[in-house]
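Undergrad: Below: sequence and its predicted model.
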Amino acid sequence: DQQVKQNSPSLSVQEGRISILNCDYTNSMFDYFLWYKKYPAEGPTFLISISSIKDKNEDGRFTVFLNKSAKHLSLHIVPSQPGDSAVYFCAASETGANNLFFGTGTRLTVIP
Amino acid sequence: EPEVTQTPSHQVTQMGQEVILRCVPISNHLYFYWYRQILGQKVEFLVSFYNNEISEKSEIFDDQFSVERPDGSNFTLKIRSTKLEDSAMYFCASSIQGIIDSPLHFGNGTRLTVT
């Protein structure tokens, strides 16, 4: 069941430029979305979240955009830094549930 | 900053053997979770645990799996009779409240290899 999809397995960006990571979902009951970052040999680390009552949430260099009608969200990182190089997972949940559905991840490489 | 710790970091076992994966969640957290990631695939939910009982489980979490909070600090995942397809990275996570109200904090995982 591919309820959360990240269609780009990898992305390379020059340092200082914008990184845009995309995520699509199919379950219209999802109303809470998160992005996690994962370095090798570590567990996922929470980055930013957004609830379905909003269409944008910003935290420093990271902004998440939600388009409910398209069932699409994106993570913007600007400016990108080499330390941002990691695998980024999109995840979704619905109110009342106590689990997260993860996408397959996008490996971001920021080139110095 | 408080961390979720998992032991061992790598466990090798033979098919049919029982394994216990151990986790120490963050001390003031009330919700506990197990996820797994088969190599090259997505992170998959296994089970959530709150108030000393399972609150939700996936179809992966069949009768071969069980969870326990034997004391005030540990949270364990037991696989009764391991299969080759159980080989994966197993992540423990905890949160102060449920998923909607507080983010999950993950441990660094236990890599389980079933031979």
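TA: In hand now; what should we look at?

Undergrad: for chain B, what spans make up the strands?
TA: Here chain B has its strands, by DSSP state E, at B:5-7, B:10-13, B:19-24, B:31-37, B:43-50, B:53-57, B:65-68, B:75-79, B:88-95, B:105-106, B:110-114.

Undergrad: Tell me the strands beside the fourth one, with direction?
TA: Right, the one you point to is strand B:31-37. Strand B:31-37 sits in its sheet next to strand B:43-50 (antiparallel), strand B:88-95 (antiparallel), going by DSSP bridges.

Undergrad: just the third one next, same as before
TA: The pairing partners recorded for strand B:19-24 under DSSP bridges are strand B:5-7 (antiparallel), strand B:75-79 (antiparallel).

Undergrad: and the strands of chain B as CSV, adding mean neighbour count, distance to A:Asp55 and mean pLDDT?
TA: All C-beta atoms are positioned from the backbone trio N, CA, C, and that covers glycine. Shown next, in CSV, are these (neighbours: other C-beta atoms under 10 Å in any protein chain shown; distance: least, C-beta to C-beta, whole Å; pLDDT from 0 to 100):
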stretch, mean neighbour count, distance to A:Asp55, mean pLDDT
strand B:5-7, 16, 36, 96
strand B:10-13, 14, 43, 97
strand B:19-24, 19, 36, 97
strand B:31-37, 24, 28, 95
strand B:43-50, 22, 26, 94
strand B:53-57, 14, 28, 93
strand B:65-68, 16, 37, 96
strand B:75-79, 19, 36, 97
strand B:88-95, 24, 25, 96
strand B:105-106, 22, 27, 94
strand B:110-114, 18, 38, 97
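
Undergrad: and the residue of chain A nearest chain B?
TA: Closest to chain B within chain A is A:Gly43: 3.1 Å, counting by C-beta to the nearest C-beta.
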